[in-house]
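> need a structure here:
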Amino acid sequence: MKYVLENEYLTVTFQSLGGALSSIQNKEGLEYLWQGDKTYWGGQAPVLFPICGSLKNDRAKIGTNQVTEMPRHGIVRKKEFSCIEQDSDSILFCIESDEEAYQQFPYHFKLGIRYTLIKNTIRTKYIVENQGKEKMPFFIGGHPGFNCPLFPEESYEDYWLEFPVQETCSVPNPITETGLIDMQHRTEFLKKQEKLRLSHDLFTKDAVILDEIKSRSVKLVSSNHDRSVELEFPDFPYLILWSSANKGPFVALEPWLGLSTCSDESDVFEQKRNVQIVNSKETKTYYFDIKIF
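Numbering: from 1, shown residues only. The predicted structure is shown next:
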């Protein structure tokens, strides 16, 4: 099902499948969110839980002598969520683990996603509740894709990403065949830069994994006009940049709590970088903002 929030700035549409964004339009009807052309990428803004990226061979040891087996990006992005409440400026979707989910991820969880419209900003708040008796390890992340270019007469190379401070960093090597990350081989990427000019060449080997940047926001900007998108992600340590290798007219700006299994990690889930732990009957929350200009 589709649901809509609207104010004087934006009309935002959501879908119960995946509890995800499906459209972000300004008052002139300009569409900012990628609309899911399968020629390039059929997704739009999936929610990644309880992993971001991939596990080695899609499995890992977890908890007390248990195993988790999950596909890339986890187990909720293709599931139906329930709309629990909606008012004039917010909507709450929820999903609870069922028997199928438990077989893949042996914990009893409830995941809420609250979207709130605040003027020209869409706030996404993840609410992770452990309904079981054991401590629950997990990761969560967003994967919103944005139209790039925004107008048909523009090119991809007219756009750049802008950071609030100068960044100097290297990036690890993604292993395309497995979806994992080679941390032993890194490439210099940004050098005292606030701007990164977009090019399809950035994504010929898959995603760009920004695990060293200081910035907690990034802005998608064109040289042709003042329309832009800003992502603020104060709760997330990693920013992933991605587009399809066949020159998809979009760019995904992805705030993640975790990464695919890295070359210097074991096959134990709890030993992965930045693993989150929520105790029995407790809840953890995280948010990021999408600002539309």
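> can you map out the strands along the stretch 101-250 of the chain?
Counting by DSSP state E, counting those that start in this stretch, one finds strands in the stretch 101-250 of the chain at the ranges 109-118, 121-130, 136-138, 141-142, 145-147, 159-175, 180-197, 208-210, 217-222, 228-232, 238-242, 250-256.
> what residue lies at the spatial centre of this protein?
With distances taken as CA atoms, centre = their mean, residue 142 lies nearest the centre of the chain, 2.0 Å away.
> right, and it touches residue 252 too?
No. When contacts are counted by CB atoms under 8 Å, residue 142 is not listed as touching residue 252 (9.2 Å). From N, CA and C alone the C-beta is placed, and that goes for glycine too.
> most tightly surrounded among the strands of the stretch 101-250 of the chain?
Ranked by mean neighbour count under mean count of other CB atoms under 10 Å, the strands of the stretch 101-250 of the chain are led by strand 141-142, which reaches a mean of 28.
> circling back: and the residue nearest to the centre of the chain, how far from residue 238?
Residue 142 sits at a distance of 11 Å from residue 238 (criterion: CB to CB, to the nearest Å).
> cool, and residue 248?
21 Å.
> Ok, residue 42 next?
Taken as CB to CB, the span from residue 42 to residue 238 is 24 Å.
> Residue 113 now?
Shown here: residue 113 relative to residue 238, a distance of 19 Å by CB to CB.
> a markdown table for the strands of the stretch 101-250 of the chain, including distance to residue 281?
Listed next are the strands of the stretch 101-250 of the chain as a markdown table, based on distance: least, CB to CB, whole Å:
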| stretch | distance to residue 281 |
| --- | --- |
| strand 109-118 | 11 |
| strand 121-130 | 7 |
| strand 136-138 | 11 |
| strand 141-142 | 24 |
| strand 145-147 | 35 |
| strand 159-175 | 37 |
| strand 180-197 | 34 |
| strand 208-210 | 34 |
| strand 217-222 | 34 |
| strand 228-232 | 31 |
| strand 238-242 | 28 |
| strand 250-256 | 26 |
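> export stretch 202-210 as CSV, just CAs?
The C-alpha trace of stretch 202-210 is given here as CSV (Å, rounded to 0.1, in the frame of the first residue of the first chain):
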residue,chain,number,x,y,z
LEU,A,202,33.6,6.1,-9.6
PHE,A,203,31.3,3.0,-9.6
THR,A,204,32.9,0.7,-12.1
LYS,A,205,34.1,-1.6,-9.2
ASP,A,206,31.0,-1.2,-7.1
ALA,A,207,30.4,1.1,-4.2
VAL,A,208,32.7,3.7,-2.6
ILE,A,209,33.0,3.0,1.1
LEU,A,210,33.8,6.2,3.1
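> can you give me the mean pLDDT across that stretch?
Stretch 202-210 comes out with an average pLDDT of 95.
> So what touches it?
Applying CB atoms under 8 Å, 6 or more residues apart in numbering, the external contacts of stretch 202-210 come out as 169, 171-174, 176, 181, 189, 238-245, 254, 259.
> now stretch 4-24
Residues contacting stretch 4-24 (CB under 8 Å, 6+ apart): 1-3, 25-27, 31-33, 35, 44-47, 76-83, 86, 88-91, 93-95, 113, 115, 117, 119-120, 122, 124, 144, 290, 292.
> same thing with stretch 229-239?
Contacts for stretch 229-239 (CB under 8 Å, 6+ apart): 32, 52, 141, 144, 146, 209-211, 213, 215-220, 253-259, 274, 286-293.
> Isn't residue 254 up against residue 144?
Yes. Contact criterion CB under 8 Å: residue 254 and residue 144 qualify, at 7.3 Å.
> Okay, the nearest residue to residue 95 once chain neighbours are set aside and residue 138: tell me how far apart.
Nearest non-adjacent residue to residue 95, counting by CB to CB, 6 or more residues apart in numbering: residue 81, 4.7 Å away. As judged by CB to CB, residue 81 and residue 138 stand 17 Å apart.
> Residue 284 now?
Note on residue 284: its distance to residue 138, by CB to CB, is 9 Å.
> tell me, what's touching the two both at once?
128, 276, 278.
> and these as TSV, adding distance to residue 193 and pLDDT?
Listed next are these as TSV, based on distance: CB to CB, whole Å; pLDDT from 0 to 100:
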residue	distance to residue 193	pLDDT
128	34	98
276	30	98
278	37	98
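> so can I have JSON lines of those showing distance to residue 19?
Formatted as JSON lines, these follow (distance: CB to CB, whole Å):
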{"residue": "128", "distance to residue 19": "13"}
{"residue": "276", "distance to residue 19": "19"}
{"residue": "278", "distance to residue 19": "19"}
